[in-house]
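**Student:** Give me the fold of what follows.
(2 chains, ligands or ions: 4)
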Amino acid sequence: MTLKLIRGYPEYMRESIEMVEKTRDQRIKEKEKEKELALTAEEREEVLNKFHPDYAPGGKRELRVGVNQGEIVPNEVADILEAWPALNPDEVDLNDIDYDVDVLIIGGGGAGTVAALWANYEGVPAENILIATKLRHGDANSMMAQGGIQAADRPWDSPIIHYMDVLGGGHFANKHELVKALTEDAPKIIKWHEELGVMYDKDEKGNFIERWGGGTSRKRLHSAKDYTGMEIMRVIRDEARNREIPVLEFSPAVELITTEDGEIGGAILWNMETKEYYVVRAKSTILATGGWGRLHIRGFPTTNHYGATADGLVMAYRAGARLRDLESVQYHPTGAAYPEQIVGLLITEKVRGMGATPVNKYGERFVFPLEPRDVEAAMFIRECFGKGNCVQTPTGMRGIWLDSPMIEELQGEGAIRKNLDAMYRMYKRFGIDMTKDPILVFPTLHYQNGGVEINANAQVLKGDGSPYPRFFAGGEVEGGVHGKNRLMGNSLLDYNVFGRRAGISAAKVVRNSSKPGKLTLKHVKIFTEEVKKINVPPERRSPILLPDYRGKRVLARKIDLPVMQ
Amino acid sequence: MGKKIEILDVDSRQIMDDIKKAASPPEEVEHWVTIYVMGKPYQVPAGLTIMKALEYAGYRFIRGSGCRAGFCGACATVYRKKGEYRFRTALACQTTVEDGMYLSQIPFVPANKATYDIDKIEPSPTTLLEYYPEIARCVSCNTCTKACPQELDVMYYIQYAIRGDIKKVAELSFDCIQCGLCTLRCPAEIQHYHMAQFARRLYGKYYQPKSKWLERRLKEIDSGMYEKPFENLAKLRENPEKFKSLYYKILHEGMEKEEKRIEDPLEFIKGED
Ligand SMILES: Cc1cc2nc3c(=O)[nH]c(=O)nc-3n(C[C@H](O)[C@H](O)[C@H](O)COP(=O)(O)OP(=O)(O)OC[C@H]3O[C@@H](n4cnc5c(N)ncnc54)[C@H](O)[C@@H]3O)c2cc1C
Ligand code: SF4
Ligand code: SF4
Ligand code: FES
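**Tutor:** Ligands and ions are numbered 1, 2, ... in the order given. Model prediction:
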């Protein structure tokens, strides 16, 4: 019936695997020499310009509305920023307040949960905090991180070297005050995690087992097997539950509420199951809605969770916040390219960090395995679509091999089960044993490098550059920390550092000020007027909340009846 | 470092279009299977995950889809295959559809979680039992282990919990994605995954030794010893070329000699202009 598979691969792919096996011993002997493949600055440019989806023409356009008008962003992002608001402000009664809280947190992923905990530590009672989230608490990109989190705590490392790495990785476009905060707070965050009981990988003395991340000059990646994100997320969620911080699930924010005096005063939530709205008034509002992977920029598959649809960008933009670095999209070099069921899912960078080398169809090395992500991804695309030295899958995907069995040889038998169990398990579910056979990879849409601009107190900035006193953001939704390219392990750190700072800043607002001014949705109307002027198709509305993956055949027959709505 | 790579003459825009095409689902379906979604039959392409097959059939998830990658436990599914009596469990996002599957999603498990103040606990062999006394009711039927889509030794970690071996519970349960399937199937109504979460936090906090290096670094930061170098770097930024070259020096030096301590990166370019 279906294609015959030999230990998970069709026969023709096996032929290429044999070539990979033939060169393996030699490559292991010469592992050290891989460094010679590292590209110079000029070479990086050459490869990026031709093969990185961000640089290749045709993927972007100028924004025609809002604060960042005239700036270039990916088409898919422009589509939702230039869309009609999903919510009609006239259907909402702002005088009927459903939740009147001190701190509203939009997004129950990592940043949102950290912010809630720190607001609570800083004296805001749990019952005066509200986390509103789209899916379940913890259904988030934060749960999925595998590789690890960076922090400079080894004797020969320092926050300053970490700082340099972040800047270089970001092509020196980062906002310096944020990078300083990131790298200086990092050890404190790890300490906090230790106290909460996060089970990091440690040696017998208690020091962390740290690994290389792409584009770093020191080993500083802390991990918890390859479930690092899950381990941190489930611990902080458990702590939020212990403290009984209220969470509204399946109730995403669909619009921010502004105030007559130009502040942010809460948000409108929409219960996706009952379709009713809730008005939340808040002394301070924290945006923690994460990234944009589910926009499938340039048609790429993604590593992101189901709810990563950039709602936060849309809402903040309409309210007048400034966005930055949105033209740079992070594609992770190693997404699964085969089997079809898991295309786009992440193969953690740790696989390369532990010694697996990317090789082409013929088993040849062609790239230093730990270039910064954009360079590494561009080199893979070059090998596949520029040189054609790739393997094509039965469904037409192309990919190069990541020679995972090298890990067992370099680090000892059992190293994969011990450190990369999530990866091992995923492949095994589809009949592939990555301890024995290489795995096929291709770049995948991974991370929103830019976002809502903040300052070091996590305050969101307005169009004129001044901060909103009551409005904060943390995590993937905010921009500036990573410049044009984030390095591995710095975004788990980001959501902790700026989630924490947002929580502390919000608590300060609660201590020092009274209720926000009169609530309004005027900004939505003003924005609608702008959209009117530029000819946007009437069906294009945002925030989009969830992607639509229903089959074409069904959608072609779908009709709405004017009953049961 | 770096050898000249060949310059390729390519049409980048075309390449991006080709990638888009390669990554979209094939137009033609070669093989079909029939699945039963809560009893209703649907034809779907072979080779999809259960999750994608349901979507193909026209379902749009609100519940039951989270990470879509095997990390969150939102997509717990119970199914039976045609001609069998046995109930099987799976993650919808990590399991391929098979012909004749009867599927039911379990998007929520109303399990009880104990609340506690992690700072006030003095862990002892009876701590787990104190907070989750129902673990003592385990009848060793092994149903939980069979239900676990992560293939963990769930019954074993419950047994270790009863004996008070927190370390073993923490280690054996580490890969738990908290899907709740074990709890749903357990005849003794044990809340395995919440208990295991508690055990892991106790282990991480009280049994794993603390990092001395981390302590030292925190003291250094508090002492303000990095302020000056940060200021120096801020100044150096005014000269972007120099700043960049410093970055590349540190990066390459670090890759060569990882364990060299750099107190002040500016030392690197002392005497240089
Ligand atoms: C597969 C994968 C692996 C990764 N690996 C690493 C790694 O090894 N190291 C590293 O440092 N980083 C890694 N990252 C990146 C990192 O995990 C994320 O950038 C980070 O966790 C983002 O945290 P966050 O809290 O900002 O967003 P999220 O954790 O995504 O949380 C955002 C939450 O907001 C919710 N939400 C969205 N819209 C709305 C709305 N309108 N209203 C209410 N709620 C909403 C979302 O559903 C989600 O729950 C990885 C990311 C992925 C996807
Ligand atoms: S132990 Fe239970 S909750 Fe955890 S993954 Fe297994 S079945 Fe799911
Ligand atoms: S299912 Fe319940 S009773 Fe049976 S072995 Fe597991 S914990 Fe014990
Ligand atoms: S959707 Fe998260 S495990 Fe399947």
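**Student:** Give me the most central residue, the chain.
**Tutor:** Chain wasn't specified; assuming chain A. Nearest residue to the geometric centre of chain A (CA atoms, centre = their mean): residue A:447, 4.1 Å.
**Student:** please go with chain B instead
**Tutor:** residue B:71 (4.4 Å).
**Student:** How about it: what's its closest non-neighbour residue?
**Tutor:** Distance criterion CB to CB, 6 or more residues apart in numbering or on different chains; nearest residue to residue B:71, sequence neighbours excluded, is residue A:144 at 4.8 Å. In this view, the C-beta of every residue, glycine as well, is placed from N, C-alpha and C.
**Student:** gap between that neighbour and residue A:13?
**Tutor:** Distance, residue A:144 to residue A:13, by CB to CB, to the nearest Å: 27 Å.
**Student:** ok, now which ones touch the closest residue in space to residue B:143 that isn't next to it in sequence?
**Tutor:** Spatial nearest neighbour of residue B:143, excluding adjacent residues (CB to CB, 6+ apart): residue B:185 at 4.8 Å. Contacts here follow CB atoms under 8 Å, 6 or more residues apart in numbering or on different chains; on that basis residue B:185 touches B:89, B:143-144, B:146-147.
**Student:** How is chain B divided into domains?
**Tutor:** According to automatic domain parsing, chain B comprises the domains B:30-105, B:118-207, B:212-270.
**Student:** Save the ones you listed as TSV, and put in mean pLDDT too.
**Tutor:** Converted to TSV, those look like this (pLDDT from 0 to 100):
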stretch	mean pLDDT
domain B:30-105	96
domain B:118-207	97
domain B:212-270	86
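**Student:** Of all those domains, which one comes closest to ligand 2?
**Tutor:** domain B:118-207 (3.2 Å; CB to the nearest ligand atom).
**Student:** which residues in the stretch 51-200 of chain B form helices?
**Tutor:** B:127-131, B:143-147, B:154-163, B:166-172, B:181-185, B:192-202 (DSSP state H, counting those that start in this stretch).
**Student:** let me fix that: the stretch 401-550 of chain A
**Tutor:** Under DSSP H, counting those that start in this stretch, the stretch 401-550 of chain A gives helices at A:405-411, A:415-419, A:421-429, A:490-512, A:522-532.
**Student:** Which of the ones you listed has the highest mean neighbour count?
**Tutor:** Ranked by mean neighbour count under mean count of other CB atoms under 10 Å in any protein chain shown, the helices of the stretch 401-550 of chain A are led by helix A:490-512, which reaches a mean of 26.
**Student:** So which other helices or strands are in contact with it?
**Tutor:** Applying 3 or more CB pairs under 8 Å, 6 or more residues apart in numbering or on different chains; DSSP states H and E, one finds that helix A:490-512 contacts strand A:99-106, helix A:110-121, strand A:149-150, helix A:176-196, helix A:228-242, strand A:277-287, strand A:467-473.
**Student:** secondary structure class for whatever residue of the stretch 201-350 of chain A ends up closest to ligand 4?
**Tutor:** Nearest to ligand 4 in the stretch 201-350 of chain A, going by CB to the nearest ligand atom, is residue A:306, at a distance of 7.2 Å. Classification of residue A:306 by DSSP: H, G, I helix; E, B strand; the rest coil places it in coil.
**Student:** before we move on, the earlier item: format the helices and strands packed on helix A:490-512 as a markdown table; extra columns: mean neighbour count, distance to chain B and mean pLDDT.
**Tutor:** A markdown table is the format used below for the helices and strands packed on helix A:490-512 (neighbours: other CB atoms under 10 Å in any protein chain shown; distance: least, CB to the nearest CB, whole Å; pLDDT from 0 to 100):
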| stretch | mean neighbour count | distance to chain B | mean pLDDT |
| --- | --- | --- | --- |
| strand A:99-106 | 24 | 18 | 98 |
| helix A:110-121 | 29 | 12 | 98 |
| strand A:149-150 | 30 | 13 | 97 |
| helix A:176-196 | 21 | 5 | 98 |
| helix A:228-242 | 24 | 5 | 98 |
| strand A:277-287 | 26 | 16 | 98 |
| strand A:467-473 | 26 | 21 | 97 |
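**Student:** In JSON lines: those, plus distance to residue A:297.
**Tutor:** Output for the helices and strands packed on helix A:490-512, formatted as JSON lines (distance: least, CB to CB, whole Å):
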{"stretch": "strand A:99-106", "distance to residue A:297": "23"}
{"stretch": "helix A:110-121", "distance to residue A:297": "22"}
{"stretch": "strand A:149-150", "distance to residue A:297": "25"}
{"stretch": "helix A:176-196", "distance to residue A:297": "24"}
{"stretch": "helix A:228-242", "distance to residue A:297": "22"}
{"stretch": "strand A:277-287", "distance to residue A:297": "21"}
{"stretch": "strand A:467-473", "distance to residue A:297": "21"}
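**Student:** Moving C-terminal from the helix or strand hosting residue B:215, which element do we reach first?
**Tutor:** Element membership for residue B:215 (DSSP states H and E) is helix B:212-223. Once the chain leaves helix B:212-223, the next helix or strand it forms, by DSSP H and E, is helix B:227-236.
**Student:** and stretch A:367-379, does that touch ligand 1?
**Tutor:** No - using CB under 6 Å from any ligand atom, stretch A:367-379 never reaches ligand 1; the gap is at least 11.0 Å.
**Student:** any idea of the mean pLDDT for that stretch?
**Tutor:** For stretch A:367-379, the mean pLDDT works out to 91.
**Student:** distance between the ends of it?
**Tutor:** 7 Å (CA to CA, to the nearest Å).
**Student:** From the chain's centroid, how far away is it?
**Tutor:** With CA atoms, centre = their mean, to the nearest Å as the basis, stretch A:367-379 stands 19 Å off its chain's centre.
**Student:** Kindly report the same for stretch B:62-79.
**Tutor:** With CA atoms, centre = their mean, you get 13 Å for stretch B:62-79.
**Student:** picking up where we left off before, show me what contacts the residue nearest to the centre of chain B?
**Tutor:** Shown in contact with residue B:71 (CB under 8 Å, 6+ apart): A:143-144, A:227, A:229-230, A:422, B:177.
**Student:** For the residue of the stretch 101-250 of chain B found nearest ligand 1, which non-adjacent residue is closest in space?
**Tutor:** Using CB to the nearest ligand atom, the single residue of the stretch 101-250 of chain B nearest to ligand 1 is residue B:177, 13.7 Å away. Distances taken as CB to CB, 6+ apart put residue B:73 closest to residue B:177, at 4.2 Å, once the chain neighbours are dropped.
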